[in-house]
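1. following is a predicted model, sequence given first.
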Amino acid sequence: MTSRKLRIGIGLSVLLFSALLVFMLSLFFLPRTRVKSRICAMPFRNAILSNVCSSSVAHRVASNSIIDGSHNSNARTLGIATSIFVISLARRTDRRQVMDMLLGDALGLNWSYFDALDKNDPLVNRILFEVSRLRVDASNSSFKWPDTLEEARKESFGLEKIAYDDTGDRNVTTEPLLCATGDNNIPSYTNSSSAPFHKKLSKGMIACWYSHIQLLENIVKHTRHVRNDSWDGREGVTVIFEDDVDVEWDMRERLEKMWVDLPQEWDIVVLGHCWSNELFHPSITPTSPLHPSHRPKCTHGYVVSPFGARRLLSHLSYAPFAFSRALDQAIAHLISTRRIRSFSVVPSIVVQRRCPPGNSTSLECAYGSADNGDSDIWVNGGKKGSKWRDSLEDSALERIHKGQTHTVLTDGPGIEGPEEHAPDRTVTADS
């Protein structure tokens, strides 16, 4: 009997060993995507493989890039952040194709698209109506910033209520509203229709403002746990791009190098700016490209700390100030009055692409539709976009154009290989 039990035990052991061997060999020959799915389906994965299996990837992952194994696990988010977002209209698939190529194929980054509000959305009219109503109510009172961010949040614009307003297009103002200056100074015109174009509060300005603060709200919601007294300088840091940019080819290396000089307390780092002399203040060190911001315009590329996202959202949502002008003008005012702690990279390492309508020969127009670089916000008499032009030392799009980006990704710590693709998903305000 003992001999028989021994034979049965040996047989079971051999069977279990053979099954384990077959399983391990199957993992070896399977693509990594299937390996991961099989491992994460195992009953013990919650206990010992949480780092591998717990993340729900909600962004795009590049499959063919210049990143190699010598770089750290932060390389996919430019080495200085935990997330990257691209604000983009869902209908602008042409721009998204270029961003896929730029951020993914060329730079090997992980990022999420954040759907922008279309200027033709009925919500824009409702916001304009509310701005008009608030201005009438505030006409006999003086503007005052709250003493704390908490007080500012209590006096927010109330977008939740407006978003569910069912009065629709009845909330439309017939007289153009004018852009405020300073904290809340409204220019005086006998007929606001005769005011210069850039002084009129347009639907594009409203949609842009709304899109950025909705993303900021999303960031704040997901970084509430980050505390200033234990912050490591990277957790909760977010890079924000608009969908019409070109960047320096070595942007990640530049950011990692300059980040060493960045003070502990900061709200925004402006990666690309326009219509301002950002050399106005001396650089923070003799060799650093970082300067205390002067009055940077444009919002096509910037970085926010988790605390900066909170401060910026509180100010931009404060009812007497919200939607009062173009978003970049508002942020420039907050910076110049020292309500926001900001630094600008000089020269810019992120610039806006420019593509005149009907031009399909220039580099900026080489990808996507012919009007790929046109502004969806700044439209004046059929002319799109401002006259500001900027350039890069080593354009990533130029490299793509010349075919200099076809290098194979080598796996490194925390970096997924070419067969590992995250599901494409766009982050929304409710995510």
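-> That came through fine. Just so it is clear, the model here is predicted, and its values are computed rather than measured.
2. so, low pLDDT: which residues of the chain?
-> Under the criterion pLDDT under 70, the flagged ranges of the chain are 1-9, 11-12, 14-73, 163-174, 190-191, 355-389, 405-425, 428-431.
3. hmm, L327 and F321 touching each other?
-> No: using CB atoms under 8 Å as the test, F321 is too far from L327 to be in contact (11.5 Å). C-beta here means a position set from N, CA and C on the backbone, and glycine is covered the same way.
4. and for the two, which residues touch both?
-> Here F321 and L327 share no contacting residue, scored by CB atoms under 8 Å, 6 or more residues apart in numbering.
5. name the SS class of S13, please.
-> Using DSSP: H, G, I helix; E, B strand; the rest coil, the structure places S13 in helix.
6. what's the burial count for it?
-> Counted with other CB atoms under 10 Å, the neighbours of S13 add up to 10.
7. repeat for R153
-> Neighbour count of R153, defined by other CB under 10 Å: 14.
8. then R126?
-> Residues near R126, counting by other CB under 10 Å: 24.
9. and I186, by the same measure?
-> Around I186 there are 17 residues (other CB under 10 Å).
10. these two touch, right, it and R135?
-> Yes: assessed by CB under 8 Å, I186 is found in contact with R135 at 6.7 Å.
11. span of stretch 75-83 from start to end?
-> 11 Å (CA to CA, to the nearest Å).
12. domain-wise, how is the chain divided?
-> 2-51, 59-431 (automatic domain parsing).
13. need the strands for the stretch 51-200 of the chain, in chain order.
-> 60-61, 83-88, 110-115 (DSSP state E, counting those that start in this stretch).
14. with the stretch 201-350 of the chain instead?
-> Going by DSSP E, counting those that start in this stretch, the stretch 201-350 of the chain shows strands at 238-242, 245-247, 268-270, 290-292, 301-304, 342-345, 350-352.
15. who's H291 bridged to?
-> H291 forms beta bridges with S344, as assigned by DSSP bridges.
16. thought it was touching S283?
-> Yes: counting by CB under 8 Å, H291 touches S283, with 5.1 Å between them.
17. give the contact list for G301.
-> V239, I240, F241, E242, V245, V247, V270, L271, G272, S348, I349, V350.
18. E265 and P320, how far apart?
-> 27 Å (CB to CB, to the nearest Å).
19. and the gap between R76 and V239?
-> R76 is 11 Å from V239, by CB to CB.
20. which residues of this protein fall in helices?
-> 2-29, 32-40, 45-48, 50-53, 93-99, 122-137, 149-154, 159-163, 203-222, 251-259, 306-317, 327-336, 396-401 (DSSP state H).
21. once you drop chain neighbours, what's closest to H273?
-> Spatial nearest neighbour of H273, excluding adjacent residues (CB to CB, 6 or more residues apart in numbering): P296 at 3.6 Å.
22. next: S348.
-> Excluding the flanking residues, the one nearest S348 by CB to CB, 6+ apart is G272, at 4.2 Å.
23. tally of neighbours for the one you found?
-> Neighbours of G272 (other CB under 10 Å): 26.
24. residues contacting it?
-> V245, C298, H300, G301, Y302, V345, S348, I349, V350, V351, Q352, D390.
25. columns distance to R224 on top of those, output as CSV?
-> Below are the contacts of G272 laid out as CSV (distance: CB to CB, whole Å):
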residue, distance to R224
V245, 29
C298, 29
H300, 27
G301, 25
Y302, 21
V345, 28
S348, 31
I349, 30
V350, 28
V351, 33
Q352, 32
D390, 36
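26. which one among those residues gets closest to N218?
-> Of all those, N218 sits closest to Y302, with 15.6 Å by CB to CB.
27. thanks a lot, catch you later.
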